[in-house]
Each structure stands twice: as structure tokens, then as C-alpha cells.
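Trainee: need a structure here:
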Amino acid sequence: MMMELAQARFNMIEQQIRPWDVLDQRVLDLLDMLHRENFVSDSNKSLAYADVSITLDHGEVMMPPKVEARLVQALNIKDNEQVLEIGTGSGYVTAMLAKMATHVTSVDIHEDFLAQAKSRLEAYDISNVTLEHGDASNGWKTDEATYDVIAITGSLPQYIDAFQKSLNVGGRLFVIVGQAPIMEALLVTRVTMGEWVKQSLFETDLAPLQNASTPSRFVF
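Mentor: Residues are numbered from 1 along each chain as shown. Okay, the predicted model is just below:
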């Protein structure tokens with residue numbers, strides 16, 4: 001089984017990740033080092049390296065590996081940066097972020113996800129993560145802290161500016177915006193105190209953050 005998983009991990013990197021323009025060696029090394037099967041339930045271990053979203057509890061999903069890899073690459077995290085992750089989920093992206101940053105604050109609405117992530121991170125001796133419980137669908141303690149990097153691991157049906165306001169100047173936000181079946185992954189960079197630049201990265205489809213606001217629909 002270990003050999004099969006190692007081969008599946010190699011195939012994921014070479015056949016899914018690289019062809020999707022993930023060429024940052026730091027990201028590729030992390031994908032090899034952090035074994036994805038350790039971040040999923042026993043029943044989903046056979047899917048750990050498949051090009052699919054993996055179902056989690058509470059109707060949540062784990063993003064396909066290539067989306068996770070593009071997310072981390074796009075944020076270009078430096079080792080002195082503070083990161084905010086919205087949606088801890090399995091803890092896999094949390095681990096990747098923590099390996100690159102000085103500290104990660106990861107927020108989830110589900111306490112059991114936080115408990116699972118805590119044990120998974122401890123197994124890799126990752127201690128530079130603060131796990132917080134709460135609803136961050138419309139921002140997170142925006143009057144208390146600013147971050148160099150913000151990663152949102154669930155989609156937003158419509159873009160809101162609460163998260164971009166929590167960025168330091170030079171900070172980057174990764175967010176997927178829109179409604180199924182086609183959504184847009186964006187990298188938002190704060191260039192001055194009052195100016196942000198949005199870059200479109202790719203199209204995808206991802207379950208929304210719980211309680212995220214949806215566009216109002218006109219009824220005729």
C-alpha cells in the first residue's frame with residue numbers, strides 16, 4: 001500500500017500538478033513531503049491523489065490537488081509572512097501554508113475539523129499554526145489584525161471587500177468567486193492603502209463557504 005501511495009503521489013505531481021503550470025519547486029517539494037493520504041479519512045485514502053474534490057463531513061469538500069497547488073504557488077509566500085486561512089478543512093493546505101510562512105491563523109466553522117487538523121499538523125511537527133473556531137464567511141476580526149497573505153478555501157458566490165481590507169500593503173489574497181458551474185480564481189494584491197489589483201488565474205468550481213452571502217436575484 002505504501003508503495004502504491006508513493007507512486008500515486010509521484011503521478012499526481014508529474015501528471016496533474018506540473019501540467020497545470022505549477023513549477024515552483026518549493027510547492028512541488030511540499031506536495032512530495034506532506035503525504036495527502038494522512039489528511040483524509042480512511043475511506044478516502046484511495047482518492048488522496050486523484051484529480052477530484054474529496055467529500056468531507058458537513059457537506060464540505062477538499063479541493064483537487066492541482067487547485068491546492070495553484071493556490072499556494074500564486075500566493076508566493078515568504079518565510080517572514082503572516083497568513084490567514086479561511087476554511088481549515090482537512091488541514092492539508094494549512095500544513096502547506098505553515099511550511100512556507102512564519103505563522104498561520106486558520107479559521108473554521110466546524111470544531112471537529114479543527115480537532116482533526118490539530119492532530120494531523122502535530123504529526124508533522126507543525127507548531128506555527130493557531131486554529132480558531134468561528135464563522136469567517138464575511139471577514140475575520142478585520143478591526144484587529146492585518147495579514148500578508150489570505151487564502152480562502154471555499155468559494156464566495158459574490159466578491160466582498162472585507163478580506164482585501166485585512167491585507168497589509170503588498171499582501172495577497174487568493175479567492176474563488178462565482179456560482180456553479182464556472183467560477184473564477186482570483187489573486188488580489190493590495191498595492192497601496194486604498195488600491196487593490198485583481199488578477200484572474202483560472203476557472204474552476206468549488207463549494208461555497210458556509211453562510212457566504214449570495215447575490216440577490218430579481219424576480220419578475
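Trainee: would you list every one of the strands in the protein?
Mentor: In the chain, the strands defined using DSSP state E lie at 54-55, 61-62, 82-86, 103-108, 129-133, 147-152, 167-179, 182-192, 195-204.
Trainee: could you check the angle strand 129-133 makes with the fourth one?
Mentor: Angular relation of strand 103-108 and strand 129-133 on a 0 to 180 degree scale: 20 degrees, by axes from the mean of the first three to the mean of the last three Cα atoms, to 10 degrees.
Trainee: now do strand 103-108, average pLDDT.
Mentor: Averaging pLDDT along strand 103-108 yields 98.
Trainee: so what secondary structure elements neighbour that strand?
Mentor: Using 3 or more Cβ pairs under 8 Å, 6 or more residues apart in numbering; DSSP states H and E as the contact test, the elements touching strand 103-108 are strand 82-86, helix 92-100, helix 111-123, strand 129-133. Yep, even glycine has a C-beta here, placed from its N, CA and C like the rest.
Trainee: list the contacts of the second one.
Mentor: In this structure, residues lying in contact with helix 92-100 by Cβ atoms under 8 Å, 6 or more residues apart in numbering are 26-27, 30-31, 33-34, 36, 39, 62-63, 68, 71-72, 75, 77-79, 83, 85, 88, 104, 106, 117, 120-121, 124, 126, 128-129, 149, 151, 153.
Trainee: just how off-centre is it within its chain?
Mentor: 9 Å (Cα atoms, centre = their mean, to the nearest Å).
Trainee: show the buried residues in the contacts of helix 92-100.
Mentor: Buried by 16 or more other Cβ atoms under 10 Å: 27, 30-31, 34, 36, 39, 62-63, 68, 71-72, 75, 77, 83, 85, 88, 104, 106, 117, 120-121, 124, 126, 129, 149, 151, 153, out of the contacts of helix 92-100.
Trainee: now do the contacts for residue 174.
Mentor: Contacts of residue 174 by Cβ under 8 Å, 6+ apart are 71, 74-75, 150-152, 185-188.
Trainee: residue 58 reaches residue 108, doesn't it?
Mentor: No: the pair residue 58 / residue 108 is not scored as a contact, 9.8 Å apart, by Cβ atoms under 8 Å.
Trainee: what about those two, which has more around it?
Mentor: Neighbours were counted for residue 58 and for residue 108 using other Cβ atoms under 10 Å; residue 108 has more, 28 against 11.
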